[in-house]
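**Student:** Below are the sequence and a predicted model for it; my questions follow.
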Amino acid sequence: MYLRGRSVGALDYRPGRGPLLLDVDEPLDEAVPRCIQRELLVLRQPVGVDAFFRIDTFARFRKPRCAIYSLGYVPVEATWGTGGNSRLLCDSVGPVDIWVVGCLERFQYTTDISVASIDVRVALLRECDRTRMTNLLRRTSPKTRVEDVESATTLTASVEYPGKALVFRSVYDGTVTYEAAALMKRMCVTDLCPGDYVLVECMLVRTVAPADGSWSVKFQLCSLSLLSGAARAGVPERDSGFRGEM
């Protein structure tokens, strides 16, 4: 069953099933070649065929009836919600879950007296993702801050918790399957390293300043899943000199 509060499990990926069908048909006209170019993955290091198609599947995923979109496909008409969702980017269904496929650059934990925070930065792999991120931030920021939003090739998602004690548990192994969170293998954040290809699930949120009503915009981290790991440096075996028999 799909749970609105978590999009882990909305895509049931298993090797050998082939590409997933999208809910929205692509236009078939002269713009297709340019559209294909914008959506091409540009990887920093080579991966196997299975890993490539797994990454590509997540990068192209969208399910409008559940308000789930990979970054490049977030609807242009999505806007700030009303009532209890006033700080969340929403479409006609509800708050938008944004899936971001990228190459992990940084996973940072910081803390002060009252708040602990986690920041994840990934390099975006597709032109359409970079363009949509910039357009989203410019369109949802106050008019006085639009000029401050510059084009970028990386996305940072963060989450804050009160207090210093924090263990971020929403880290999953998506290298084999991707289904309901309860059925997925959890990972420790220390198992990730720069160069890993990951899926960042996040939401676009705003924080309103009580003094003047202006607001700041950021991507709020919901979960992180490993799609394909970078090569790890092996620990060389040490010869103990033992030559006896047991």
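**Tutor:** Received it, and whenever you're ready, just let me know what you need. Please read all numbers here as calculations on a predicted model, not as lab measurements. Numbers count the residues shown, from 1 in each chain.
**Student:** Residue 42: neighbour count?
**Tutor:** 10 (other C-beta atoms under 10 Å). For glycine as for every other residue, the C-beta is placed from the backbone atoms N, C-alpha and C.
**Student:** quick one: the residue nearest to it when sequence neighbours are not counted and residue 46, what's the gap?
**Tutor:** Setting aside the residues directly before and after it, residue 42 is nearest to residue 125 in space (C-beta to C-beta, 6 or more residues apart in numbering), at 5.8 Å. To residue 46, residue 125 is 13 Å away according to C-beta to C-beta, to the nearest Å.
**Student:** the more surrounded of the two?
**Tutor:** When neighbours are counted by other C-beta under 10 Å, residue 125 comes out ahead of the other of residue 125 and residue 46, with 21 against 7.
**Student:** for the residue nearest the centre of the chain, what are its contacts?
**Tutor:** Nearest residue to the geometric centre of the chain (C-alpha atoms, centre = their mean): residue 200, 2.0 Å. Contacts for residue 200 (C-beta atoms under 8 Å, 6 or more residues apart in numbering) come out as 99, 100, 101, 102, 120, 122, 155, 157, 219, 221, 223, 224.
**Student:** and if you look at residue 90?
**Tutor:** By C-beta under 8 Å, 6+ apart, the neighbours of residue 90 are 67, 78, 79, 80, 81, 96.
**Student:** Beyond the helix or strand bottoming out on mean pLDDT in the chain, next helix or strand please.
**Tutor:** When each helix and strand of the chain is scored by mean pLDDT, DSSP states H and E, helix 32-39 comes last, with a mean of 72. Following helix 32-39 in sequence order, the next helix or strand is helix 49-59 (DSSP states H and E).
**Student:** Export only the CA atoms of that next one, formatted as CSV.
**Tutor:** Taking C-alpha atoms only, helix 49-59 is exported to CSV below (Å, rounded to 0.1, in the frame of the first residue of the first chain):
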residue,chain,number,x,y,z
VAL,A,49,24.8,-1.9,-17.5
ASP,A,50,22.4,-2.9,-14.7
ALA,A,51,23.5,0.0,-12.5
PHE,A,52,23.1,2.5,-15.4
PHE,A,53,19.6,1.5,-16.2
ARG,A,54,18.7,1.5,-12.5
ILE,A,55,20.0,5.0,-12.1
ASP,A,56,18.2,6.1,-15.3
THR,A,57,14.9,4.5,-14.1
PHE,A,58,14.9,6.6,-11.0
ALA,A,59,16.0,9.7,-12.8
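**Student:** Walk me through which strands whatever helix or strand comes next after it pairs with, and which way each runs.
**Tutor:** Using DSSP H and E, the next helix or strand after helix 49-59 towards the C-terminus is strand 62-63. Neighbouring strands of strand 62-63 in its sheet, by DSSP bridges, are strand 68-70 (antiparallel).
**Student:** any residues touching the strand it pairs with, and which ones?
**Tutor:** Residues contacting strand 68-70 (C-beta under 8 Å, 6+ apart): 7, 10, 58-63, 75, 96-101, 129.
**Student:** All good on my end, thank you.
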